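Colleague: dropping a prediction and its sequence here:
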Amino acid sequence: MAISVTEILGTDSLSGSRLVINDNFNVLASEINSMEVYFSPSAGTITNLNNLSSEALRVGLSTILLDINASTFDILTNVRMTGNLNMTGAGVFRNDTNPQTLNDTFAGGSPIPVGGSTAIPPYTMNRVGNSTASPIAITLYSGSIGQEIFFICTEGSGDVNITGFNSNTVLPGGTGTTITLDAIGESVHLLAVDNGSGVAVWFIVGGTGYVIS
C-alpha cells in the first residue's frame, strides 16, 4: 500500500514546519515497523507472510540450489522427503544417463569402475557394450539404500561382466558373482537394499537376457 507524506515547500519556514516534519518521520517509522514484522534486515530473513507472488524464485548464493522461473522448475541439490509424494501429472522421467558408453574403448580400460570406494554410482542409466572377443569387466561399487541402476547393452556381442565390489551383490542362486550381458538389448536392473545392518547391497529386480555365473 502506498504511503504519503506532507510536502514541505522551499518557501516554508523550517521552524514552522517542525510538526509536519515530525509527522512525516512518524509516518515513515510506522511503515518501516510494519514491514519489519515480516523482514528482518539484521537476520536477513522473511517470515510470517500469508502469500508470496513472484515471476521467479532462486535459492542459493554462490551455488544455486533451487531455480524456479516461467519455464522451468530446477532443483539442483539432493532432496530429502519424509512424507508421501503424490503425482497426478504425466509421470516420472529419468534422464540421468551416463554420457559415455562403458565399452571396450572406454578410457581407462577394464575393469571399468562404476562409482568408487567413497562415491556412489553417479548415473541411473548406463550403456555398455563389447565389440571384441575378450570379455571386459565392470566393477559396481556400493550405492545408497533405495538407489536403482540399469545396465543396458547397446553395442557389440562380446561379454560385459558386471561384478560387485567387495561382494556387495546378492545374486539369485547364491553362488554366482558375475552378471554378463553379451547382446544388444540385454539389460539388468538392480536395487540397493539395506542388508539389515544399514549397508546397501545390490539385488537384481529386473532385466532381460543377462546371465549369472
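Modeller: That came through, no problem.
Colleague: which residues of this protein score low on pLDDT?
Modeller: Residue ranges of the chain with pLDDT under 70: 1-2.
Colleague: the same query, at a cut-off of 90, please.
Modeller: In the predicted model of the chain, residues 1-27, 31-37, 39-42, 44, 52, 78, 80, 85-95, 107-110, 173-176 satisfy pLDDT under 90.
Colleague: break it into its domains for me.
Modeller: Annotated domains of the chain cover 18-75, 112-212 [automatic domain parsing].
Colleague: got the CA coordinates for stretch 119-133 in CSV?
Modeller: Provided in CSV are the C-alpha atoms of stretch 119-133 (Å, rounded to 0.1, in the frame of the first residue of the first chain):
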residue,chain,number,x,y,z
ALA,A,119,31.3,-42.3,-4.1
ILE,A,120,28.0,-44.0,-5.1
PRO,A,121,27.4,-44.7,-8.8
PRO,A,122,26.6,-41.4,-10.3
TYR,A,123,24.1,-42.4,-13.1
THR,A,124,21.0,-44.4,-13.1
MET,A,125,21.2,-45.5,-16.8
ASN,A,126,24.5,-47.0,-18.1
ARG,A,127,25.0,-48.1,-21.7
VAL,A,128,27.5,-51.0,-22.1
GLY,A,129,29.0,-52.9,-25.0
ASN,A,130,31.9,-55.0,-26.2
SER,A,131,32.9,-55.4,-29.8
THR,A,132,35.9,-57.7,-29.1
ALA,A,133,36.3,-61.4,-28.3
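Colleague: burial count for residue 143?
Modeller: Residue 143: 21 surrounding residues under other Cβ atoms under 10 Å. C-beta coordinates here come from the backbone N, C-alpha and C atoms, glycine included.
Colleague: now residue 154
Modeller: When neighbours are defined as other Cβ under 10 Å, residue 154 has 16 of them.
Colleague: so who does it touch?
Modeller: Neighbouring residues of residue 154 by Cβ atoms under 8 Å, 6 or more residues apart in numbering: 101, 127, 128, 129, 184.
Colleague: who are the contact partners of the first one?
Modeller: In other words, residue 101. By Cβ under 8 Å, 6+ apart, the contact set of residue 101 is 127, 128, 129, 154, 155.
Colleague: returning to what we had before: ok, so of the contacts of residue 154, who is nearest residue 94?
Modeller: Closest approach to residue 94 among the contacts of residue 154 (Cβ to Cβ): residue 127, at 13.6 Å.
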